[in-house]
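Asker: Just the structure for this:
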Amino acid sequence: MAGWLALIGPHQRSALRPQPRSTVAAATRRPRAFRETQRVSHFVVLDPGNLSLIQDLGRSAFAAQGVARAGAADLGSHALAQRLCGNSPHAAGVEVLLGGLRLRAERSCTIAVTGAPADVRINGEPHGQNHALDVVAGDELSLSRATSGMRVYVAFRGGIETPTVFGSRSRDTLGGIGPEPLTVGDTLTIDNLAAEPAWFDVVAVRPPTDEIVITLAPGPHDDALDADGWNTLLHTVWQLDARSDRIGFRLAGSALPAPSSDLASFPVLAGCVQLPGNGLPVVLGPDCGVTGGYPVLGIVDQAALSALAQARPGAHIRMRRSH
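Answerer: Model prediction:
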(Lines give C-alpha, C1' and ligand atoms only; values in the text may rest on other atoms or scores of the structure.)
Protein backbone atom coordinates (compact mmCIF):
# COMPACT_ATOMS: atom_id res chain seq x y z
CA MET A 1 0.00 0.00 0.00
CA ALA A 2 2.82 2.41 0.83
CA GLY A 3 4.25 2.15 -2.67
CA TRP A 4 1.23 3.46 -4.54
CA LEU A 5 0.33 5.98 -1.84
CA ALA A 6 3.74 7.52 -2.44
CA LEU A 7 2.65 8.20 -6.02
CA ILE A 8 -0.30 10.26 -4.82
CA GLY A 9 1.93 12.80 -3.10
CA PRO A 10 1.16 15.21 -0.26
CA HIS A 11 -0.55 17.78 -2.51
CA GLN A 12 -3.15 15.25 -3.61
CA ARG A 13 -4.32 13.21 -0.65
CA SER A 14 -5.96 14.73 2.42
CA ALA A 15 -7.68 11.67 3.89
CA LEU A 16 -8.43 8.06 3.14
CA ARG A 17 -11.70 6.70 4.43
CA PRO A 18 -12.11 2.93 4.19
CA GLN A 19 -15.80 2.14 3.94
CA PRO A 20 -17.77 -1.01 4.77
CA ARG A 21 -19.00 -2.57 1.54
CA SER A 22 -22.63 -2.48 2.57
CA THR A 23 -22.45 1.22 3.49
CA VAL A 24 -20.78 2.25 0.26
CA ALA A 25 -23.00 0.11 -1.92
CA ALA A 26 -26.07 1.69 -0.39
CA ALA A 27 -24.66 5.14 -1.06
CA THR A 28 -23.99 4.49 -4.74
CA ARG A 29 -26.45 4.06 -7.55
CA ARG A 30 -25.77 0.41 -8.41
CA PRO A 31 -25.35 -2.78 -6.36
CA ARG A 32 -21.84 -4.19 -6.49
CA ALA A 33 -22.87 -7.83 -6.82
CA PHE A 34 -22.29 -7.85 -10.57
CA ARG A 35 -18.64 -6.89 -10.29
CA GLU A 36 -17.26 -10.39 -10.72
CA THR A 37 -19.86 -11.77 -13.13
CA GLN A 38 -18.60 -10.48 -16.48
CA ARG A 39 -15.11 -11.02 -17.80
CA VAL A 40 -14.90 -8.28 -20.43
CA SER A 41 -16.52 -4.86 -20.66
CA HIS A 42 -16.49 -2.37 -23.49
CA PHE A 43 -16.91 1.40 -23.58
CA VAL A 44 -17.63 3.30 -26.79
CA VAL A 45 -16.23 6.82 -27.17
CA LEU A 46 -19.05 9.25 -27.94
CA ASP A 47 -16.91 12.39 -27.54
CA PRO A 48 -13.17 12.38 -26.77
CA GLY A 49 -13.21 15.90 -25.37
CA ASN A 50 -10.18 18.13 -25.91
CA LEU A 51 -7.58 15.35 -25.82
CA SER A 52 -7.98 11.92 -24.25
CA LEU A 53 -4.96 9.63 -24.00
CA ILE A 54 -4.55 6.10 -22.70
CA GLN A 55 -1.90 6.20 -19.97
CA ASP A 56 -0.39 3.95 -17.31
CA LEU A 57 2.82 4.40 -15.28
CA GLY A 58 4.88 4.64 -18.45
CA ARG A 59 8.18 3.14 -19.62
CA SER A 60 11.06 3.16 -17.17
CA ALA A 61 13.68 0.92 -18.75
CA PHE A 62 14.09 2.00 -22.36
CA ALA A 63 15.83 5.39 -22.24
CA ALA A 64 18.96 3.78 -23.69
CA GLN A 65 16.87 2.92 -26.76
CA GLY A 66 15.69 6.53 -27.04
CA VAL A 67 12.24 5.87 -25.57
CA ALA A 68 10.78 8.42 -23.14
CA ARG A 69 8.96 7.45 -19.95
CA ALA A 70 5.56 8.88 -20.98
CA GLY A 71 2.81 7.70 -18.59
CA ALA A 72 0.24 9.74 -16.70
CA ALA A 73 1.27 13.36 -16.21
CA ASP A 74 -0.31 13.38 -12.74
CA LEU A 75 0.76 9.97 -11.48
CA GLY A 76 -0.91 10.53 -8.12
CA SER A 77 -4.39 11.02 -9.58
CA HIS A 78 -3.85 8.13 -11.97
CA ALA A 79 -2.78 5.77 -9.18
CA LEU A 80 -5.68 6.83 -6.98
CA ALA A 81 -8.24 6.14 -9.72
CA GLN A 82 -6.77 2.71 -10.32
CA ARG A 83 -6.83 1.72 -6.66
CA LEU A 84 -10.43 2.87 -6.29
CA CYS A 85 -11.22 0.26 -8.95
CA GLY A 86 -9.10 -2.44 -7.29
CA ASN A 87 -6.37 -2.19 -9.93
CA SER A 88 -2.62 -2.02 -9.70
CA PRO A 89 -1.27 1.48 -10.46
CA HIS A 90 0.30 -0.16 -13.53
CA ALA A 91 -3.17 -0.57 -15.08
CA ALA A 92 -4.08 1.71 -17.98
CA GLY A 93 -6.76 4.39 -17.80
CA VAL A 94 -7.69 7.56 -19.66
CA GLU A 95 -6.09 10.97 -19.12
CA VAL A 96 -8.51 13.69 -20.27
CA LEU A 97 -7.23 17.20 -20.89
CA LEU A 98 -9.72 19.69 -19.41
CA GLY A 99 -12.62 17.21 -19.48
CA GLY A 100 -15.34 16.82 -22.09
CA LEU A 101 -15.08 13.03 -22.44
CA ARG A 102 -18.29 11.03 -23.08
CA LEU A 103 -18.43 7.23 -23.01
CA ARG A 104 -21.18 4.62 -23.32
CA ALA A 105 -20.89 1.37 -21.36
CA GLU A 106 -21.65 -1.76 -23.37
CA ARG A 107 -21.49 -4.01 -20.30
CA SER A 108 -21.31 -3.62 -16.52
CA CYS A 109 -18.13 -2.22 -14.99
CA THR A 110 -16.80 -0.29 -11.99
CA ILE A 111 -15.15 3.03 -12.77
CA ALA A 112 -13.56 5.93 -10.89
CA VAL A 113 -12.89 9.54 -11.85
CA THR A 114 -10.12 11.57 -10.20
CA GLY A 115 -7.82 14.50 -10.92
CA ALA A 116 -9.03 17.93 -11.99
CA PRO A 117 -12.49 18.72 -10.56
CA ALA A 118 -15.21 18.22 -13.16
CA ASP A 119 -18.94 17.54 -13.19
CA VAL A 120 -19.30 13.75 -13.49
CA ARG A 121 -22.67 12.54 -14.79
CA ILE A 122 -24.16 9.13 -15.53
CA ASN A 123 -27.18 9.41 -17.83
CA GLY A 124 -27.37 13.09 -16.88
CA GLU A 125 -27.42 12.42 -13.14
CA PRO A 126 -24.59 14.04 -11.13
CA HIS A 127 -22.04 11.89 -9.30
CA GLY A 128 -18.91 12.90 -7.45
CA GLN A 129 -15.28 12.15 -8.07
CA ASN A 130 -12.80 10.14 -6.02
CA HIS A 131 -15.03 7.16 -5.34
CA ALA A 132 -15.92 3.89 -7.05
CA LEU A 133 -18.99 4.02 -9.27
CA ASP A 134 -20.79 1.10 -10.92
CA VAL A 135 -22.24 1.42 -14.42
CA VAL A 136 -24.31 -1.04 -16.46
CA ALA A 137 -24.89 -1.60 -20.16
CA GLY A 138 -26.30 1.49 -21.85
CA ASP A 139 -25.11 3.96 -19.22
CA GLU A 140 -23.46 7.12 -20.54
CA LEU A 141 -20.62 8.74 -18.63
CA SER A 142 -19.98 12.42 -19.30
CA LEU A 143 -17.39 14.80 -17.90
CA SER A 144 -17.89 18.55 -17.99
CA ARG A 145 -15.06 20.98 -18.56
CA ALA A 146 -12.81 20.94 -15.51
CA THR A 147 -13.56 23.79 -13.11
CA SER A 148 -9.92 23.90 -12.00
CA GLY A 149 -6.83 21.90 -12.77
CA MET A 150 -5.99 20.47 -16.19
CA ARG A 151 -6.24 16.68 -16.31
CA VAL A 152 -9.06 14.31 -15.34
CA TYR A 153 -8.36 10.60 -14.90
CA VAL A 154 -10.84 7.78 -15.58
CA ALA A 155 -10.08 4.23 -14.44
CA PHE A 156 -11.97 1.01 -15.15
CA ARG A 157 -11.94 -2.09 -12.98
CA GLY A 158 -9.41 -4.42 -14.64
CA GLY A 159 -7.76 -1.70 -16.72
CA ILE A 160 -7.83 -0.91 -20.44
CA GLU A 161 -6.57 -3.72 -22.66
CA THR A 162 -4.42 -2.53 -25.55
CA PRO A 163 -1.18 -3.92 -27.00
CA THR A 164 1.89 -2.93 -25.00
CA VAL A 165 4.76 -1.09 -26.67
CA PHE A 166 8.06 -1.26 -24.79
CA GLY A 167 6.21 -2.68 -21.82
CA SER A 168 3.56 0.05 -21.53
CA ARG A 169 0.17 1.04 -22.92
CA SER A 170 0.94 4.76 -22.58
CA ARG A 171 0.78 7.30 -25.38
CA ASP A 172 4.03 9.24 -25.93
CA THR A 173 2.99 12.46 -27.67
CA LEU A 174 6.54 13.37 -28.71
CA GLY A 175 7.68 9.98 -29.95
CA GLY A 176 4.30 8.91 -31.35
CA ILE A 177 4.51 5.61 -29.44
CA GLY A 178 1.49 3.83 -27.99
CA PRO A 179 -2.26 4.09 -28.63
CA GLU A 180 -3.50 7.00 -30.71
CA PRO A 181 -5.56 9.70 -28.95
CA LEU A 182 -9.18 8.62 -28.55
CA THR A 183 -11.61 9.53 -31.33
CA VAL A 184 -15.37 9.20 -31.75
CA GLY A 185 -16.36 5.56 -32.22
CA ASP A 186 -13.29 4.04 -30.57
CA THR A 187 -13.97 1.09 -28.27
CA LEU A 188 -12.16 0.58 -24.97
CA THR A 189 -11.85 -3.07 -23.92
CA ILE A 190 -11.74 -3.72 -20.17
CA ASP A 191 -10.67 -7.00 -18.50
CA ASN A 192 -12.95 -6.95 -15.45
CA LEU A 193 -11.25 -9.84 -13.69
CA ALA A 194 -7.70 -8.47 -13.91
CA ALA A 195 -8.15 -6.68 -10.58
CA GLU A 196 -8.20 -7.24 -6.83
CA PRO A 197 -10.82 -6.19 -4.29
CA ALA A 198 -10.59 -2.43 -3.74
CA TRP A 199 -9.17 -1.46 -0.34
CA PHE A 200 -11.35 1.61 -0.01
CA ASP A 201 -14.21 3.30 -1.85
CA VAL A 202 -14.10 6.99 -0.96
CA VAL A 203 -11.15 9.39 -0.78
CA ALA A 204 -11.09 13.06 0.20
CA VAL A 205 -8.71 14.98 -2.07
CA ARG A 206 -7.39 18.52 -2.00
CA PRO A 207 -8.25 20.43 -5.20
CA PRO A 208 -5.46 21.65 -7.51
CA THR A 209 -3.91 25.00 -6.67
CA ASP A 210 -2.48 27.81 -8.78
CA GLU A 211 0.14 28.63 -6.13
CA ILE A 212 2.84 25.96 -6.36
CA VAL A 213 6.20 25.64 -4.62
CA ILE A 214 8.61 23.12 -6.13
CA THR A 215 11.87 21.94 -4.57
CA LEU A 216 14.97 21.53 -6.72
CA ALA A 217 17.42 18.77 -5.92
CA PRO A 218 20.94 19.59 -7.17
CA GLY A 219 21.40 19.22 -10.91
CA PRO A 220 24.54 18.48 -12.91
CA HIS A 221 24.87 22.10 -14.07
CA ASP A 222 23.86 24.15 -11.05
CA ASP A 223 27.03 26.17 -11.65
CA ALA A 224 25.47 27.51 -14.87
CA LEU A 225 24.08 30.35 -12.72
CA ASP A 226 26.11 32.63 -10.50
CA ALA A 227 24.84 33.84 -7.12
CA ASP A 228 22.79 36.64 -8.69
CA GLY A 229 21.25 34.23 -11.18
CA TRP A 230 20.24 31.82 -8.43
CA ASN A 231 18.82 34.69 -6.42
CA THR A 232 16.66 35.64 -9.42
CA LEU A 233 15.57 32.04 -9.99
CA LEU A 234 14.54 31.49 -6.37
CA HIS A 235 12.88 34.86 -5.76
CA THR A 236 10.94 35.21 -9.00
CA VAL A 237 7.27 34.29 -8.97
CA TRP A 238 7.22 32.37 -12.23
CA GLN A 239 4.06 31.88 -14.26
CA LEU A 240 3.16 28.73 -16.15
CA ASP A 241 3.29 29.49 -19.86
CA ALA A 242 0.28 28.57 -22.02
CA ARG A 243 2.60 26.62 -24.34
CA SER A 244 3.24 24.04 -21.62
CA ASP A 245 2.33 20.45 -22.45
CA ARG A 246 3.29 16.88 -21.60
CA ILE A 247 6.75 17.45 -23.08
CA GLY A 248 7.65 20.34 -20.81
CA PHE A 249 6.24 22.92 -18.39
CA ARG A 250 7.51 26.31 -19.56
CA LEU A 251 7.93 29.13 -17.07
CA ALA A 252 7.54 32.83 -17.84
CA GLY A 253 9.12 35.60 -15.80
CA SER A 254 12.43 37.46 -15.47
CA ALA A 255 14.85 35.90 -17.94
CA LEU A 256 17.98 34.45 -16.39
CA PRO A 257 21.46 34.98 -17.88
CA ALA A 258 21.81 33.06 -21.13
CA PRO A 259 23.68 29.79 -20.55
CA SER A 260 26.72 28.59 -22.43
CA SER A 261 25.85 26.95 -25.73
CA ASP A 262 28.81 24.55 -25.86
CA LEU A 263 27.34 21.72 -23.79
CA ALA A 264 27.45 18.27 -25.34
CA SER A 265 24.18 16.34 -25.48
CA PHE A 266 23.56 14.31 -22.31
CA PRO A 267 20.75 12.17 -20.80
CA VAL A 268 17.69 13.91 -19.33
CA LEU A 269 14.46 12.69 -17.77
CA ALA A 270 11.12 13.99 -16.54
CA GLY A 271 11.64 16.44 -13.70
CA CYS A 272 14.86 17.99 -15.01
CA VAL A 273 14.79 21.80 -14.89
CA GLN A 274 16.50 23.02 -18.04
CA LEU A 275 17.71 26.53 -18.82
CA PRO A 276 17.41 27.12 -22.58
CA GLY A 277 18.94 30.00 -24.49
CA ASN A 278 16.09 32.43 -23.79
CA GLY A 279 16.81 32.26 -20.05
CA LEU A 280 13.34 30.96 -19.13
CA PRO A 281 13.34 27.62 -17.25
CA VAL A 282 11.53 24.53 -18.51
CA VAL A 283 10.58 21.60 -16.27
CA LEU A 284 10.67 18.52 -18.47
CA GLY A 285 7.46 16.47 -18.51
CA PRO A 286 6.79 12.76 -19.03
CA ASP A 287 6.99 12.93 -22.84
CA CYS A 288 10.32 14.78 -22.95
CA GLY A 289 13.15 13.45 -25.07
CA VAL A 290 15.85 11.34 -23.47
CA THR A 291 18.77 13.65 -24.32
CA GLY A 292 19.24 17.40 -24.17
CA GLY A 293 21.85 20.09 -24.63
CA TYR A 294 20.70 22.77 -22.19
CA PRO A 295 22.04 23.08 -18.63
CA VAL A 296 20.04 21.20 -15.99
CA LEU A 297 19.87 23.42 -12.92
CA GLY A 298 18.07 20.89 -10.75
CA ILE A 299 15.57 18.05 -10.63
CA VAL A 300 12.08 18.06 -9.10
CA ASP A 301 10.25 15.05 -7.71
CA GLN A 302 7.08 13.34 -8.90
CA ALA A 303 4.85 15.28 -6.50
CA ALA A 304 6.04 18.51 -8.14
CA LEU A 305 5.43 17.09 -11.62
CA SER A 306 1.91 16.06 -10.63
CA ALA A 307 1.23 19.55 -9.28
CA LEU A 308 2.54 21.14 -12.48
CA ALA A 309 0.42 18.74 -14.57
CA GLN A 310 -2.69 20.16 -12.88
CA ALA A 311 -1.60 23.83 -12.99
CA ARG A 312 -3.32 26.11 -15.47
CA PRO A 313 -1.56 28.72 -17.60
CA GLY A 314 -0.75 31.72 -15.43
CA ALA A 315 -0.37 29.66 -12.25
CA HIS A 316 2.29 31.01 -9.90
CA ILE A 317 5.35 28.80 -9.51
CA ARG A 318 8.03 29.38 -6.87
CA MET A 319 11.25 27.44 -6.54
CA ARG A 320 13.43 26.55 -3.59
CA ARG A 321 16.62 24.52 -3.28
CA SER A 322 16.77 21.34 -1.25
CA HIS A 323 20.06 22.32 0.37
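
Asker: so where do the strands sit in the stretch 51-200 of the chain?
Answerer: Using DSSP state E, counting those that start in this stretch, the strands of the stretch 51-200 of the chain run over 52-55, 93-97, 101-105, 109-115, 120-122, 125-127, 132-135, 140-143, 151-156, 187-191.

Asker: ok, residue 42 - contacts?
Answerer: Residues near residue 42 by CB atoms under 8 Å, 6 or more residues apart in numbering: 105-107, 187-190. The way it works is simple: take the backbone N, C-alpha and C, and place the C-beta from them, glycine included.

Asker: Dump those into CSV; add neighbour count as well.
Answerer: Listed next are the contacts of residue 42 as CSV, based on neighbours: other CB atoms under 10 Å:
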residue, neighbour count
105, 23
106, 19
107, 18
187, 11
188, 24
189, 15
190, 29
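
Asker: from these, which is closest to residue 286?
Answerer: Checking the contacts of residue 42 against residue 286 with CB to CB, the nearest one is residue 188 at 21.2 Å.

Asker: Please identify which helix or strand holds the nearest residue to that closest one once chain neighbours are set aside.
Answerer: In space, and not counting its chain neighbours, residue 188 is closest to residue 43: 4.4 Å by CB to CB, 6 or more residues apart in numbering. Residue 43 is located in strand 40-48, with elements delineated by DSSP states H and E.

Asker: Give the pairing partners of that strand; include direction for each.
Answerer: strand 101-105 (antiparallel), strand 187-191 (antiparallel) (DSSP bridges).

Asker: Pick out the residue nearest the middle of the protein.
Answerer: The residue lying closest to the centre of the chain (CA atoms, centre = their mean) is residue 74, at 2.5 Å.

Asker: how far away is that residue from residue 240?
Answerer: Residue 74 sits 14 Å away from residue 240 when distances are taken as CB to CB, to the nearest Å.

Asker: Mind listing the residues bridging to residue 99?
Answerer: Under the criterion used (DSSP bridges), residue 99 bridges to residue 145.

Asker: Quickly list the domain ranges of the chain.
Answerer: The chain resolves into domains spanning 2-205, 211-321 when parsed by automatic domain parsing.

Asker: Would you mind finding the most buried of those?
Answerer: domain 2-205 (a mean of 19; mean count of other CB atoms under 10 Å).

Asker: circling back: need the least confident one among the strands paired with strand 40-48, by mean pLDDT.
Answerer: Here those differ in mean pLDDT, and the lowest is strand 187-191 at a mean of 93.
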